[in-house]
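Trainee: Below are the sequence and a predicted model for it; my questions follow.
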Amino acid sequence: MPYPARFRPAPTAVDGVALHAAADTAAARRVLTPDALALVARLHRTLHADRTALLADRAERQAEWNAGTLPERVEHPAAAGRWCVARLPADMRRRRVEITGPVSDARMVINMLSRGADGERADAAMLDFEDSLKPSWANVVAGVENMIGAARGELTATKTDASGAVVKTYALDPDDMPLLMARVRGLHLDEANVRVDGEPVAAGLLDFALVAIHTARALVARGKTPAYYVPKVEHYREARWWSRLFALVEDELGLDRSTIRATFLIETLPAALQMEAVLYELRDHAAGLNGGRWDKIFSDIKCLREHPDRVLGDRADIGMNRPWMRDYARELIRVCHRHGALAMGGMAAFTPGRDDATREAQTAKVVADKEFEASIGHDGCWVSHPYFIGPAMRPFLDALGGADNQLGVLPEDLPARPDLMPQGGGPYTMDGLRTNVRVGIAYLKGWNEDVGCVAWDDLMEDLATLEISRAQVWQWRRHGVTLASGEAVTDDLVRRVFREEKEAILLALCDAHGDDADALGRELARYARAADDARAVFLEPEMRPFLTTTSDLAAAAPPAGGDGAAVEAVPATADAAA
Ligand SMILES: CC(=O)SCCNC(=O)CCNC(=O)[C@H](O)C(C)(C)COP(=O)(O)OP(=O)(O)OC[C@H]1O[C@@H](n2cnc3c(N)ncnc32)[C@H](O)[C@@H]1OP(=O)(O)O
Ligand SMILES: O=CC(=O)O
Ligand SMILES: [Mg+2]
């Protein structure tokens, strides 16, 4: 079926490069300059075949695990022995607390890069094209523009009230900013809006190339490192692909080798089993590894989805206290520190509660978590809200005692090859199921409004935490798990819980509502629709690899088959909405 006119790829000034007509906005034209498009085209043509093969390898490995084998440790043939990553640049040696947030939100970006009212500031800010961003075209383009503004120290924003009056203005202090980093999208995602020789480009390649071409040389000229995060790697050959991309862009931009630096998230089970190999492949561009605990839990469930003895218990019960999680963090530290890279800890996923008691309890949990991370040798950690910068910083200040990092620290008593295989065995509870369902509804409500990260039940819920909930419900259904209440998890039970939680949410909204009945009505309708969308995704017969398998959900992209109707169809791809 041909594309309707507004979704038809239209040629650009660069040979072989097409842009969907609806994606050809004024903002897009500012970032998709002819030079930028030509760079993207060259990179795509060099790297596309390898990426396709790497993604096919992923599917093959998953098929083997589904057939009953377990993921195995992978050693790199050349990684044994003594080697070090390229020397860390001065501005990447101290990363005690890194704050993260969606790159599309200019106000939040400025807050991330500024001091709070208490004078505290993170050492680094990770501006996110990934877990916290819905990758709609508008968000991606706004993200690149915000990165450019942030790199120049010139980004500004305002907050207005309902009447349109400005109530707050936002600006950066270019002389007092944390290390700026961009997290690009993962290898699996296409950016369907930009096509080279008819093929969609890799979303992460596009994010990286656009940010680099617009910011890297200027950062270097000011003595700063162009720094990136890369998510969801699953094999050391993928790390090789990324490292090649970085080297190609260094060459294109006339930058010395190892100017571009990346921290890779180790947040999949297969990557956790080959961290040293991943770091080895990345060594020319490595700044460190990060224990992305939330996606790691998702990956544990996803990879072992067909293994009845490895059905994970309630999401709230799987933390860094579980042996396979604790030892994955400790092995990450050992691998990094042996080879001169920083070992970053995970995300404290709280959003400050409304009352003092809740905030105190949250702060105590953040402090305990960060004390643990600092005590085992992490060099820093993540927070998702400025409120927790101080509480997260203090344990690192204590552990580091004035040093920049803990590069000299190696975990004691860690076996050479710790058992990192997740163990099943519960607890499986109705509360756990309800939490998953509520997260699904809340997240899809945000997603439908073009938002990729929401505050919910005093937690931060993003794509990674949503994926845990989606995968867990799938796995419990698949294995007919019996809850502590005695009920078996069936599709009917999941439908019932969706009904009950939707009603509970709608009732709570009515209780909390003010005088604006119209606004309440609209909000109720949004939650009701989100509940339907989330139920459809949670009850899918097959577990799709990612909620966002392609960016066909993006505002300007056509779904497969080109019937423009599904463009607005949230939650995701056309098949998901079916
Ligand atoms: C698993 C992972 O990958 S984790 C990494 C990905 N996830 C993230 O990065 C999550 C980032 N966090 C967020 O997006 C937000 O904190 C949310 C959406 C959860 C909550 O945001 P809000 O509802 O705006 O929170 P809240 O009302 O408490 O915000 C108060 C102020 O703090 C600011 N703020 C909140 N979170 C952040 C943040 N992460 N960075 C900077 N500022 C922030 C808000 O902008 C607001 O500032 P303002 O007074 O100037 O308007
Ligand atoms: O990206 C971080 C995670 O925990 O997932
Ligand atoms: Mg993640």
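Mentor: Perfect, I can see it now. Numbers count the residues shown, from 1 in each chain. Ligands and ions are numbered 1, 2, ... in the order given.

Trainee: Does whichever residue of the stretch 51-200 of the chain sits closest to ligand 2 belong to a helix, a strand or coil?
Mentor: At 4.9 Å from ligand 2, residue 131 is the closest residue in the stretch 51-200 of the chain, using C-beta to the nearest ligand atom. Every C-beta, even on glycine, is put in place using the N, C-alpha and C of the backbone. Secondary structure state of residue 131, per DSSP: H, G, I helix; E, B strand; the rest coil, is coil.

Trainee: Enumerate every residue touching it.
Mentor: Applying C-beta atoms under 8 Å, 6 or more residues apart in numbering, we find residue 131 in contact with 183, 231, 294-295, 452-453, 462-464.

Trainee: quick one: the strands in the stretch 101-250 of the chain?
Mentor: Ranges of strands within the stretch 101-250 of the chain are 124-128, 156-160, 166-171, 179-183, 190-196, 199-202, 227-230, based on DSSP state E, counting those that start in this stretch.

Trainee: Next, see if the first one gets close to ligand 3.
Mentor: No. Where contact is defined by C-beta under 5 Å from the ion, no part of strand 124-128 touches ligand 3; the two come within 9.4 Å at best.

Trainee: same for that strand, what does it pack against?
Mentor: strand 97-102, helix 106-112, helix 137-152, strand 179-183 (3 or more C-beta pairs under 8 Å, 6 or more residues apart in numbering; DSSP states H and E).

Trainee: Out of these, which is closest to residue 10?
Mentor: Of all these, helix 137-152 sits nearest to residue 10, with 14.1 Å by C-beta to C-beta.

Trainee: what about that closest one, distance to the chain center?
Mentor: 17 Å (C-alpha atoms, centre = their mean, to the nearest Å).

Trainee: For it, list the C-alpha coordinates in CSV.
Mentor: C-alpha atoms of helix 137-152 as CSV (Å, rounded to 0.1, in the frame of the first residue of the first chain):
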residue,chain,number,x,y,z
TRP,A,137,10.2,12.8,16.1
ALA,A,138,9.4,16.0,17.8
ASN,A,139,11.2,14.8,21.0
VAL,A,140,14.2,13.6,19.2
VAL,A,141,14.6,16.9,17.3
ALA,A,142,14.0,19.0,20.4
GLY,A,143,16.6,16.8,22.1
VAL,A,144,19.3,17.6,19.6
GLU,A,145,18.5,21.3,19.8
ASN,A,146,18.7,21.1,23.6
MET,A,147,22.0,19.3,23.4
ILE,A,148,23.4,22.1,21.1
GLY,A,149,22.1,24.8,23.5
ALA,A,150,23.5,23.0,26.5
ALA,A,151,26.9,22.4,24.9
ARG,A,152,27.1,26.1,24.1
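
Trainee: That one - contacts with which helices or strands?
Mentor: helix 26-31, helix 106-112, strand 124-128, strand 179-183, helix 203-221.

Trainee: ok, and which of the ones you listed has the densest surroundings?
Mentor: strand 124-128 (a mean of 28; mean count of other C-beta atoms under 10 Å).

Trainee: now the angle between strand 97-102 and that strand, please.
Mentor: 20 degrees (axes from the mean of the first three to the mean of the last three C-alpha atoms, to 10 degrees).

Trainee: Strand 124-128 and ligand 2, are they touching?
Mentor: No. Using C-beta under 6 Å from any ligand atom, strand 124-128 stays clear of ligand 2, coming no nearer than 8.5 Å.

Trainee: okay, the angle between that strand and strand 179-183?
Mentor: Going by the same axes, to 10 degrees, strand 124-128 makes 20 degrees with strand 179-183.

Trainee: Which residues does strand 124-128 contact?
Mentor: By C-beta under 8 Å, 6+ apart, strand 124-128 touches 95, 97-103, 109, 112-113, 143, 146-147, 150, 177-183, 227, 229, 380, 382.

Trainee: Then stretch 60-73?
Mentor: 234, 269-270, 273-274, 303-307, 417, 421, 545.

Trainee: List only buried entries from those residues.
Mentor: The neighbour-count test (16 or more other C-beta atoms under 10 Å) marks 234, 269-270, 273-274, 303-305, 307, 421 as buried among those.

Trainee: Check the gap between the residue of the stretch 51-200 of the chain closest to ligand 2 and residue 210 for me.
Mentor: 19 Å (C-beta to C-beta, to the nearest Å).

Trainee: With residue 504 instead?
Mentor: Distance from residue 504 to residue 210, by C-beta to C-beta: 43 Å.

Trainee: Check residue 516 too.
Mentor: 41 Å.

Trainee: Repeat that for residue 245.
Mentor: Distance from residue 245 to residue 210, by C-beta to C-beta: 13 Å.

Trainee: do residue 496 as well
Mentor: 46 Å.

Trainee: ok, now residue 375?
Mentor: For residue 375 relative to residue 210 (C-beta to C-beta), the value is 40 Å.

Trainee: likewise residue 523?
Mentor: From residue 523 to residue 210 the distance is 35 Å (C-beta to C-beta).

Trainee: again, but for residue 413
Mentor: Counting by C-beta to C-beta, the gap from residue 413 to residue 210 is 46 Å.

Trainee: burial of residue 424, as a residue count?
Mentor: Residue neighbour count, defined by other C-beta atoms under 10 Å, stands at 16 for residue 424.

Trainee: dump the residue contacts of it.
Mentor: 307-313.

Trainee: let's go with 10 Å and repeat that
Mentor: Taking C-beta atoms under 10 Å, 6 or more residues apart in numbering, we find residue 424 in contact with 304, 307-313, 475, 479, 481.

Trainee: give me the beta-bridge partners of the closest residue to residue 242 other than its chain neighbours?
Mentor: Excluding the flanking residues, the one nearest residue 242 by C-beta to C-beta, 6 or more residues apart in numbering is residue 230, at 5.5 Å. Beta-bridge pairing for residue 230 (DSSP bridges): residue 264.

Trainee: Let the chain start at 21 from now.
Mentor: Renumbered: residue one is now 21, and that last one reads residue 250.

Trainee: thought residue 383 was touching residue 403?
Mentor: No. Using C-beta atoms under 10 Å, residue 383 makes no contact with residue 403, being 11.2 Å away.

Trainee: Quick check: neighbours shared by the two?
Mentor: Shared contacts of residue 383 and residue 403, counting by C-beta under 10 Å, 6+ apart, come down to 368, 370, 410-412.

Trainee: In the residues you listed, find the pair that's most separated.
Mentor: It's 370 and 410 that sit farthest apart of those, by C-beta to C-beta, at 13.4 Å.

Trainee: and the contacts of stretch 80-93 as TSV, adding distance to ligand 2?
Mentor: Below are these laid out as TSV (distance: C-beta to the nearest ligand atom, whole Å):
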residue	distance to ligand 2
254	14
289	13
290	15
293	17
294	18
323	15
324	17
325	18
326	23
327	22
437	24
441	19
565	15
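
Trainee: Including secondary structure, distance to ligand 3 and pLDDT, could these go into a markdown table?
Mentor: Formatted as a markdown table, the contacts of stretch 80-93 follow (DSSP: H, G, I helix; E, B strand; the rest coil; distance: C-beta to the ion, whole Å; pLDDT from 0 to 100):
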| residue | secondary structure | distance to ligand 3 | pLDDT |
| --- | --- | --- | --- |
| 254 | coil | 13 | 98 |
| 289 | helix | 13 | 98 |
| 290 | helix | 15 | 98 |
| 293 | coil | 17 | 98 |
| 294 | coil | 18 | 98 |
| 323 | helix | 15 | 98 |
| 324 | coil | 18 | 98 |
| 325 | coil | 18 | 98 |
| 326 | coil | 23 | 98 |
| 327 | coil | 22 | 98 |
| 437 | coil | 25 | 96 |
| 441 | coil | 20 | 98 |
| 565 | coil | 14 | 93 |
